[in-house]
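Undergrad: structure, please.
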Amino acid sequence: MYLFWKSTALGSLSLSREGITEFINSLLLPSYACKEVALSRAENSLYIVLSLPHPHNTLEVKMLEEKISASCNEMGLGAHISWTEEKQPIEPRVFPEILKNPLSWTVGAAGLTALIHMRIRGVLWTIVVGALTFVIARFLLSENGQILLHRFINRVKQIIRR
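TA: Modelled structure (predicted):
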C-alpha cells in the first residue's frame, strides 16, 4: 500500500508502507519490530508504532528513537514514535503425541475395562498370550519364518496327497 505524501508540479510523491516498515525494521535491534506506519501530509511526519519487548532496556529505547528520528529527518520527514508492549503469549498445554491418537485412548479404555472385569490374573494371562502371539507373528513374517512356513505347508500337502 502506498501512502500519499506530496504533490509537486511534476506529479505526486507516495511512499510504500511496506518499504518504510522494512527500512525502520533494518534500524531496529532483533527483539524490536515496526508494527504500524502512518504518514501525516500536513506535518510531513511519520507516525511509527514499535513493539517493545517485555524485558526492555530504557537506554536501547532512547537510542532507537534517536536513530529513527535522525534517519527520518535525513529524508525530510519528522518522526512520532509510539511504543506498544508485547505480552508473552501463554502457551496452551500440549498433550504428548500418543494422547492425540484415538487408538491410544481405545487401548487405555480396553485395558482399564479388562482390569476391572478380569482382575489382575486375567489381565496378566491376556498380556502373556498377546506378547507370545506378537513374537510368533513377528517371526513368521521374517525371512526365516517364511522359509519355515513354506516347508510346513509343503509337508502338509505331501501328507494330504498320500
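
Undergrad: three-state assignment of the residue most central in space within the chain?
TA: Geometric centre of the chain, nearest residue: residue 91, 11.2 Å, by C-alpha atoms, centre = their mean. Using DSSP: H, G, I helix; E, B strand; the rest coil, the structure places residue 91 in coil.

Undergrad: list the contacts for it?
TA: Listed by C-beta atoms under 8 Å, 6 or more residues apart in numbering, residue 91 has no contact partners. (Glycine included, C-beta is placed from N, CA and C.)

Undergrad: where does it land on pLDDT?
TA: Per-residue pLDDT puts residue 91 at 77.

Undergrad: next SSE downstream of the longest helix seen in the chain?
TA: In the chain, assigned by DSSP state H, the helix with the most residues is helix 102-140. Per DSSP states H and E, the first helix or strand lying C-terminal to helix 102-140 is helix 143-161.

Undergrad: quick one: that following helix to helix 102-140, angle?
TA: Interaxial angle of helix 143-161 relative to helix 102-140 (axes from the mean of the first three to the mean of the last three C-alpha atoms, to 10 degrees): 70 degrees.

Undergrad: so what secondary structure elements neighbour helix 143-161?
TA: Applying 3 or more C-beta pairs under 8 Å, 6 or more residues apart in numbering; DSSP states H and E, we find helix 143-161 packed against helix 102-140.
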